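Asker: predicted coordinates and the sequence they were generated for:
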Amino acid sequence: MANLVIVEHDNNEVAAATLHAVTAAQQIGGDIDLLVAGENCGAVAEAAAKIAGVSSVKVADDAKFGHHLAENLATLIVEVAAGYSHVLASATTFGKNVMPHASALLDKAQISEIVEVKSADTFVRPIYAGNALATVQSSDSIKMITVRTIKFEAAAAEGGSASVEAISGGTDTGLSSWVSQAVSDNDQVDLTSAKIVVSGGRGMQSGDNFSMLHSVAEKLGAAVGASRAAVDSGFVPNELQVGQTGKVIAPDLYIAVGISGAIQHLAGMKESKVIVAINNDSEAPIFQVADYGLVADLFEAVPQLDAAL
Amino acid sequence: MKILVCVKRVLDPQVKARVKADESGVDLANAKMTMNPFCENALEEALRLREAGIGEEIIVASVGGGKTEETLRHGLAMGADRAIQVVTEETLEPLAIAKVLKQVAEQEGVGLVLAGKQAIDDDSNQTAQMLSALLGWSQATYCSEIKIDGDKATVIREVDAGLETIEVKMPAVMSADLRLNEPRYVKLPDVMKAKRKPMDKIELDSLGLDTANRLTTLKVEEPEGRAAGVIVNSVSELVEKLRNEAKVI
Ligand SMILES: Cc1cc2nc3c(=O)[nH]c(=O)nc-3n(C[C@H](O)[C@H](O)[C@H](O)COP(=O)(O)OP(=O)(O)OC[C@H]3O[C@@H](n4cnc5c(N)ncnc54)[C@H](O)[C@@H]3O)c2cc1C
Ligand SMILES: Nc1ncnc2c1ncn2[C@@H]1O[C@H](COP(=O)(O)O)[C@@H](O)[C@H]1O
């Protein structure tokens, strides 16, 4: 058995999500090789070689992989995958975008967002917004897998000493080109790895009111998140959305403010260790998953919370 | 340009999925079903492209048995011109669905395929990407804005880091995110009109494709629930509990 993990990165750093995919590969068993495809991504390859448990790192440094466009990257994955029993990537928008494309070129099924490795061919994955867990067994010769990061610890970023091998290959399909990336306020603590998250919903009423949550978050070293309603209303940008179709997170503490607790929102946060809900409607479904519920007007409770910290 | 919109019939998003007692799957008997919300966004976008003079004929297609026709009729009522149902009672995996849709796209000579980003039942998030690969067409997933200009399109995609803009050559396969648009409501006269619109039915077996599933579902279980918590009476009680009981701050 041999695992290939597709490294997610920005040509400078290995994304934390990849470390979780490496752990899933460790649980499957066998050698673990990494594929770094990018442009001027030498630093990424060096960092990748230090990840604990990795045997070798293959680096394809080429302009055609610079922006991780799915059509180009998939052609490389297809070439490299031939020697492996398992190909894994994190279930981030990076992995979700490219892995099915590569899987189809290989004529293999993809097993999306695994949350548990039962054996080398059997995995558990959530369906129906996490309201059911399916155990599936694959008959494919190469198992194409995306990994839900919150269910696998991060592998140690240091301690390994894998060999690094430059490779060429893949095709410049010329189908897509990258134009730009809107970078929003990056001062904020990373939502997916934050220990504490303070999220606001429609009850916040405006984007300006989110400054109350930012103030609390700053004191707690927390990230700010949001419900879909808050994003749809334009209070906050899309990357803050938590839920079935946003980010799936599991911080030590999740504070839901003015969020009703729809199935789709719960799908993204119900694995948090401790959940706090602040909502003025005692019937709101969020209270059914909250460890600590406070039935209160958020415009009174949040400033009080801020003052108490 | 002809546009193919791929739509799936799913459990209504407002309904909580219930696992069958024998753990063989989710109980859909008598459950309220609807068009996958993301597919509604995809169809809405096709309708707007047609209104903008970019799309001509809009075909809605679905692979499925049972009452799939109902979902396609809803698509026709929203404004699609005709519908294709590829009939099978089996639950196919995204790879097989993509193979079927490829055949439909090629047979119909469409210049754009729109799909949802994810089906809210299997949460696979694969079909559009696979279809793009099989067709050898450009791929634009998680679109929140689509602008088509001749043989290329500029697309804004919702990604983990924010919004990414890419340019893709046409023909292309695109998948819709929820913020792409607000799907229109269907009015009663539209429902009546939809009854007269053409609906083709193709038997899956007649396509001669390898649609065998690669995964066997061994069981479907309910996830562990959370134990009920407590209601606190004040912010100071909350902070005290978080500090001394939960020890998370
Ligand atoms: C296909 C699909 C995918 C979806 N994906 C997601 C997803 O990924 N993430 C997501 O979050 N949603 C998602 N949704 C939307 C989801 O169904 C809900 O509509 C959404 O989560 C509601 O957001 P909310 O709780 O902020 O708003 P609401 O449901 O409107 O709740 C607002 C809450 O604020 C409370 N409130 C109001 N004023 C105050 C006040 N002054 N003080 C205290 N409390 C107050 C109210 O009591 C209420 O409970 C999806 C829906 C669909 C159909
Ligand atoms: N049975 C089907 N028939 C037609 N289109 C489908 C079918 N299954 C999935 N799709 C399309 O693919 C999208 C993503 O589905 P999935 O990959 O299953 O998450 C859906 O929103 C549909 O647009």
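Answerer: Perfect, thanks for sending it. Predicted, not measured: the structure shown is a model, and the values here were computed from it. Numbers count the residues shown, from 1 in each chain, chains lettered A, B, ... in the order given. Ligands and ions are numbered 1, 2, ... in the order given.
Asker: ok, which residues in chain A are in contact with ligand 1?
Answerer: Proximity of chain A to ligand 1 is confined to A:201-203, A:227-230, A:241-246, A:258-260, A:262, A:264-265, A:268, A:279-281, A:284, A:297-299 under the rule Cβ under 6 Å from any ligand atom. (C-beta placed from N, C-alpha, C; glycine too.)
Asker: measure stretch A:127-138 end to end?
Answerer: Taking Cα to Cα, to the nearest Å, stretch A:127-138 runs 17 Å from one end to the other.
Asker: and that stretch, is it in reach of chain B?
Answerer: Yes: under the criterion of Cβ under 8 Å from any Cβ of the partner chain, chain B is reached by stretch A:127-138 at A:127, A:128, A:129, A:130, A:131, A:132, A:133, A:134, A:135, A:136, A:137, A:138.
Asker: pretty sure the second one contacts residue B:13?
Answerer: Pointing back at residue A:128 there. No: using Cβ atoms under 8 Å, residue A:128 is not in contact with residue B:13, being 9.8 Å away.
Asker: overlap of the contact sets of these two?
Answerer: residue B:120 (Cβ atoms under 8 Å, 6 or more residues apart in numbering or on different chains).
Asker: on that earlier part again, which ones among the residues of chain A next to ligand 1 map onto strands?
Answerer: Among these, the ones falling in strands (DSSP state E) are residue A:279.
Asker: which ones among the residues of chain A next to ligand 1 map onto helices?
Answerer: Residues of the residues of chain A next to ligand 1 located in helices (DSSP state H): A:228, A:229, A:230, A:264, A:265, A:268, A:298, A:299.
Asker: which residue, other than its chain neighbours, is closest to residue A:42?
Answerer: Computed as Cβ to Cβ, 6 or more residues apart in numbering or on different chains, the closest residue to residue A:42 that is not its neighbour in sequence is residue A:61, at 6.8 Å.
Asker: so what's the one you found scoring on pLDDT?
Answerer: Among the per-residue scores, residue A:61 holds a pLDDT of 98.
Asker: give me the secondary structure label for residue A:74.
Answerer: Following DSSP: H, G, I helix; E, B strand; the rest coil, we place residue A:74 in the helix state.
Asker: wait, it sits on residue A:102?
Answerer: Yes: look at residue A:74 against residue A:102 with Cβ under 8 Å: they come within range, at 4.0 Å.
Asker: what sits in contact with each of these two?
Answerer: Both residue A:74 and residue A:102 are contacted by residue B:133, under the criterion Cβ under 8 Å, 6+ apart.
Asker: ok so, going back, which one's more surrounded, residue A:128 and residue B:13?
Answerer: residue A:128 (25 against 18; other Cβ atoms under 10 Å in any protein chain shown).
Asker: could you measure from the more buried one over to residue B:10?
Answerer: Distance of residue A:128 to residue B:10, computed by Cβ to Cβ, to the nearest Å: 9 Å.
Asker: what is in contact with these two at once?
Answerer: Common neighbours of residue A:128 and residue B:10, using Cβ under 8 Å, 6+ apart, are B:120, B:121.
Asker: what's the ChimeraX line that selects buried ones from the residues of chain A next to ligand 1?
Answerer: Those of the residues of chain A next to ligand 1 that count as buried under 16 or more other Cβ atoms under 10 Å in any protein chain shown are selected in ChimeraX with:
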select /A:201,202,203,227,228,229,230,241,242,243,244,245,246,258,259,260,262,264,265,268,279,284,298
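Asker: so where do the strands sit in chain B?
Answerer: In chain B, the strands defined using DSSP E lie at B:3-6, B:9-11, B:33-35, B:58-63, B:82-87, B:112-116, B:138-149, B:152-159, B:162-169, B:172-176, B:199-203, B:215-221, B:230-232.
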